[in-house]
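> got a sequence here, can you model it:
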Amino acid sequence: MNERHIILGALALELAWVGGILLAPALASHGSELAPYVYESYARVCHQRLERTLVVMGEPMAVCARCFGIYAGFLFGTILYPLYARLEKRGPPDIRYVLVAVLPLAIDGGTQLLGLRESTNVIRLLTGGLFGIVFVQYFIALVAVRLADS
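Residues are numbered from 1 along each chain as shown. Coordinates of the predicted model:
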């Protein structure tokens, strides 16, 4: 399995996952009996607190703004990966990039958890998205290296 197959597989999974997040409010807005099942499937990975969830078509998404940012970031980062891979010829990026990308997310979530401030859905979306874009660059390259070594 080469890097192209990894990217295509990741894109297929990410499109299905992000598509499901958007499918839930679309189904709910049309009164579909399937909507609760879609929401329930995502409840296993996200708290789905309404005040922390973006609204589409008058209905909440299936995950909170931060989770959506991470998943959309994975998708966007995977689309960008071929550009990155041409710039960085050898292996995954330095893990410090991932640590720097998770820092805004950790500060935002941590200060909110400690009750020091209340975040906004825009900040949750952006910090999640930044982490998702950077992490997926590392993850795809790491998987490709591991598979090449085996």
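> just give me the residue right at the centre of the chain.
Centroid check for the chain by C-alpha atoms, centre = their mean gives Tyr71 as the closest residue, at 1.6 Å.
> skip the chain neighbours and tell me the closest residue to that one.
Distances taken as C-beta to C-beta, 6 or more residues apart in numbering place Val18 nearest to Tyr71, at 5.4 Å, with adjacent residues excluded. In this view, the C-beta of every residue, glycine as well, is placed from N, C-alpha and C.
> helices and strands around whichever strand or helix holds the residue nearest to the centre of the chain, which ones?
Using DSSP states H and E, Tyr71 sits in helix 65-87. The elements that helix 65-87 packs onto, with contact taken as 3 or more C-beta pairs under 8 Å, 6 or more residues apart in numbering; DSSP states H and E, are helix 3-29, helix 121-149.
> for that helix, give me every contacting residue.
Contact partners of helix 65-87, identified using C-beta atoms under 8 Å, 6 or more residues apart in numbering, comprise 3, 7, 10-11, 14-15, 17-18, 21, 45-46, 52-54, 61, 63, 93, 105, 109, 121-122, 124-137, 140-141.
> pLDDT value on the residue of the chain most remote from its centre, please?
The centre of the chain is farthest from one residue, Ser150, which by C-alpha atoms, centre = their mean lies 28.1 Å away. Note on Ser150: pLDDT of 71.
> state the distance from it to Ile140.
Applying C-beta to C-beta, to the nearest Å, the value for Ser150 to Ile140 is 16 Å.
> got it, and Leu99?
As judged by C-beta to C-beta, Leu99 and Ile140 stand 18 Å apart.
> ok, now Glu40?
Glu40 is 30 Å from Ile140, by C-beta to C-beta.
> settle it for me: which of the two has more neighbours?
Set Glu40 next to Ile140 and count neighbours by other C-beta atoms under 10 Å: Ile140 wins out with 23 against 12.
> need the pLDDT of that one.
87.
> picking up where we left off before, JSON lines for the helices and strands packed on helix 65-87, including distance to Leu83?
Formatted as JSON lines, the helices and strands packed on helix 65-87 follow (distance: least, C-beta to C-beta, whole Å):
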{"stretch": "helix 3-29", "distance to Leu83": "12"}
{"stretch": "helix 121-149", "distance to Leu83": "10"}
